[in-house]
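Participant: Using only what follows, build the 3D model:
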Amino acid sequence: MDNLTKNFSGLRAVLFPIHREEISRFLPMGLMMFFVVFNYTILRDTKDTLVVNAAGAEALSLIKLFGTVPGAIVVLLVYAKLSVLFSKKMLFYVTLTPFILFFSLFAYFIYPFEVNLHPSAETVTQLTEAYPRFKTFFLVYGSWSYALFYVFSELWGSVVLSLLFWQFANDFVPIQEAKRFYPLFGMIANFGAVAAGLCIQYFSQMRDTVPGGIDPWGKTLDYLMGAVAIGGLMIMVIYGLLNHYVVDKQPTQAKPKKQKIKMSLTDSFKFLIRSSHLGYIALIVICYGISQNMIEAVWKDQIKKVYLNENAYNAFMGQFSTINGLVTIFFMFIGSNVVRLFGWKISAMLTPIMILFTGILFFSFINFKDHFELYTLSLLSMTPTVLAVWIGFSQNSLSKSTKYSLFDPTKEMSYIPLDQESKIKGKAAVDVVGGRLGKSGGSLIQQILLLTTGSTLVGVSPYLGIMVCLCVFVWLIAIKKLSKSLTELHSEAEEKTANFPLAVKG
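Facilitator: Residues are numbered from 1 along each chain as shown. Alright, predicted model coming up:
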């Protein structure tokens, strides 16, 4: 427990360990993250609804592999170049604006004219019948604008949440405040997930109220992307106000000199490889992406078998986001105190342990659900597929809750002792490329299994379950190594601080 937290007593120390003079920094950043997660939740659910209903759950891994990963690399290249041309403040606006423009254009211009933009259904059918093993490729080709929407939505989480927000937070929040601020940022942000889930449910349940001749899913998209555009503008406004009224008005904070570090993509990867500390961070990000990606793919395949149209599917995902947000808020109360009382290592290990146990339960039921049909129908009045959906619902809710309440804060804390160059370039490489490699690793495994076996996601699920167990094992080893590295870096920082007055005096 840090000295500043000791100044609080009772419930205040648990729920809101923020000093009065810190509120002007804490609340605007929490509100900014609220809107980042609000948009992230709407985009995450909508992208899955579009792709799964048009091309099947097998298409998700294909798009991640051949769309999201190249997109992340392009973003990293462009971001590195723009960081040389613009100030940090302008770089934030320049990076965020294309996302807001694309999602607005998709709802109001691309989707309404998809018949003219996409290849005909007859063409896609002919190709899938001629080359059945490559059916998923042709289905994605037949709905390419949905795949593009999926890529942009995936990059929102990597670029806006992981890169823009957290890089600003790491520069803006002093290390003494981070242990108290970061877990609470996530707790406030999850109110955004709850609000987004309610918004998704409301606009997705209009199928029976839309007049004949009007596409109900098209109207839902209009409203949801309008909400995303408003959320994006609010992020910009809060960021601008925070910079103008707080950051620029703080004479007590030593502002680092502006550095324009020129580094190519190759140099970024070399920089990542040279630093074992950053390598361990990248490894835990990759392991999370692979393990959770493989579980989610099978779960979303089961959802499509229960909810048969876009509005019903999206309404279910909105319900998931609402409940997941509430569960995560509860975990945040626990998580902030786990980090504070039990330390970084134990807090970081809880997410892989949660994924391991819930993942084993989910895959076990998927592979043996036919044996339970008599019991599920008689005792629960639901088919095994419906029960599989709800088991997956619980697995995803618990694993994501521990991710947001413990994995993200502990991961971001691991950047704090690093120098400025490592924070900027190393973080960009880990969060954008490392995060995508994690998901692409799971996607690559899925596609190899699907192509070589000619089976479905459920058919290859036993192999996916084994891979999840292996990923968690590597993940736990990386956490142990990273914990040791963090201890060494903090010791070095304290040693330099202790010796600095003597050096000045001499």
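Participant: Could the C-alpha coordinates of stretch 408-417 be exported in CSV?
Facilitator: The C-alpha coordinates for stretch 408-417 follow below in CSV (Å, rounded to 0.1, in the frame of the first residue of the first chain):
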residue,chain,number,x,y,z
ASP,A,408,-5.0,-4.2,-18.7
PRO,A,409,-4.0,-2.2,-15.6
THR,A,410,-1.0,-4.5,-14.7
LYS,A,411,0.1,-4.5,-18.3
GLU,A,412,0.1,-0.7,-18.4
MET,A,413,1.9,-0.4,-15.1
SER,A,414,4.7,-2.5,-16.6
TYR,A,415,5.5,0.4,-19.0
ILE,A,416,5.9,3.0,-16.4
PRO,A,417,9.6,2.4,-15.3
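Participant: Give me the residues contacting that stretch.
Facilitator: Stretch 408-417 is contacted by residues 166, 169-170, 175, 178-179, 182-183, 185-186, 277, 281, 284-285, 335, 339, 344, 347-348, 422-423, 426-427, 482, 486, 489-490, 493 when judged by C-beta atoms under 8 Å, 6 or more residues apart in numbering. No exception for glycine: its C-beta is placed from N, CA and C like everyone else's.
Participant: Go ahead and flag the most central residue of the chain.
Facilitator: Against the mean C-alpha coordinate of the chain, by C-alpha atoms, centre = their mean, the closest residue is residue 157 at 4.8 Å.
Participant: Mean confidence (pLDDT) on stretch 222-239, please.
Facilitator: In this model, stretch 222-239 carries a mean pLDDT of 94.
Participant: hang on, the earlier thing: from what I can see the residue nearest to the centre of the chain touches residue 40, true?
Facilitator: Yes: assessed by C-beta atoms under 8 Å, residue 157 is found in contact with residue 40 at 5.3 Å.
Participant: just to revisit the earlier point, please report the distance of the residue nearest to the centre of the chain from residue 26.
Facilitator: 23 Å (C-beta to C-beta, to the nearest Å).
Participant: Could I get the contacting residues of residue 114?
Facilitator: 143, 145.
Participant: Regarding this structure, what is its longest helix?
Facilitator: Of all the elements of type helix in the chain, the one with the most residues (DSSP state H) is helix 461-505.
Participant: Does that one pack against any helices or strands, and if so which?
Facilitator: In this structure, helix 461-505 makes packing contacts with helix 276-306, helix 344-368, helix 435-453, judged by 3 or more C-beta pairs under 8 Å, 6 or more residues apart in numbering; DSSP states H and E.
Participant: count of residues packed around the nearest residue to residue 384 once chain neighbours are set aside?
Facilitator: With C-beta to C-beta, 6 or more residues apart in numbering as the criterion, residue 384 has its nearest non-adjacent residue at 3.8 Å, and that residue is residue 369. Residue 369 has 18 neighbours, counted by other C-beta atoms under 10 Å.
Participant: Mind checking what secondary structure residue 459 has?
Facilitator: At residue 459, secondary structure determined by DSSP: H, G, I helix; E, B strand; the rest coil is coil.
Participant: deepest of the helices and strands packed on helix 461-505, which one?
Facilitator: Mean neighbour count (mean count of other C-beta atoms under 10 Å) peaks for helix 276-306 among these, with a mean of 22.
Participant: I'd like to check the angle between that one and helix 344-368, please.
Facilitator: 30 degrees (axes from the mean of the first three to the mean of the last three C-alpha atoms, to 10 degrees).
Participant: tilt between helix 276-306 and helix 435-453?
Facilitator: Helix 276-306 and helix 435-453 are oriented at 50 degrees to each other (the same axes, to 10 degrees).
Participant: what's the following helix or strand after helix 276-306?
Facilitator: helix 310-342 (DSSP states H and E).
Participant: Could you give the separation of that next one from the chain centroid?
Facilitator: Offset of helix 310-342 from its chain centre (C-alpha atoms, centre = their mean, to the nearest Å): 13 Å.
Participant: and the helix or strand where residue 51 lies, what's its mean pLDDT?
Facilitator: Assigned by DSSP H and E, residue 51 falls within helix 23-55. Averaged across helix 23-55, the pLDDT comes to 90.
Participant: just stretch 94-108 next, same as before
Facilitator: Here the average pLDDT along stretch 94-108 is 95.
Participant: I'd like the C-alpha coordinates of it written as CSV, please.
Facilitator: Only the C-alpha atoms of stretch 94-108 are listed here, as CSV (Å, rounded to 0.1, in the frame of the first residue of the first chain):
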residue,chain,number,x,y,z
VAL,A,94,-5.0,13.1,-36.8
THR,A,95,-5.1,9.4,-35.7
LEU,A,96,-8.7,9.5,-34.4
THR,A,97,-10.4,11.4,-37.2
PRO,A,98,-10.2,8.7,-40.0
PHE,A,99,-12.0,6.2,-37.7
ILE,A,100,-15.0,8.6,-37.1
LEU,A,101,-15.2,9.4,-40.8
PHE,A,102,-15.2,5.7,-41.9
PHE,A,103,-17.9,4.5,-39.5
SER,A,104,-20.1,7.4,-40.5
LEU,A,105,-19.5,6.7,-44.2
PHE,A,106,-20.2,3.0,-43.7
ALA,A,107,-23.7,3.4,-42.2
TYR,A,108,-24.9,6.2,-44.5
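Participant: Going forward, count from 780.
Facilitator: Happy to do that; since the first residue is 780 now, the last one works out to stretch 873-887.
Participant: residues touching residue 1125, list them.
Facilitator: residue 1117.
Participant: Likewise for residue 1248?
Facilitator: 1135, 1138, 1139.
Participant: can you put those residues in a markdown table and add distance to residue 931 and pLDDT?
Facilitator: What follows is the contacts of residue 1248, written out as a markdown table (distance: C-beta to C-beta, whole Å; pLDDT from 0 to 100):
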| residue | distance to residue 931 | pLDDT |
| --- | --- | --- |
| 1135 | 32 | 92 |
| 1138 | 28 | 89 |
| 1139 | 34 | 90 |
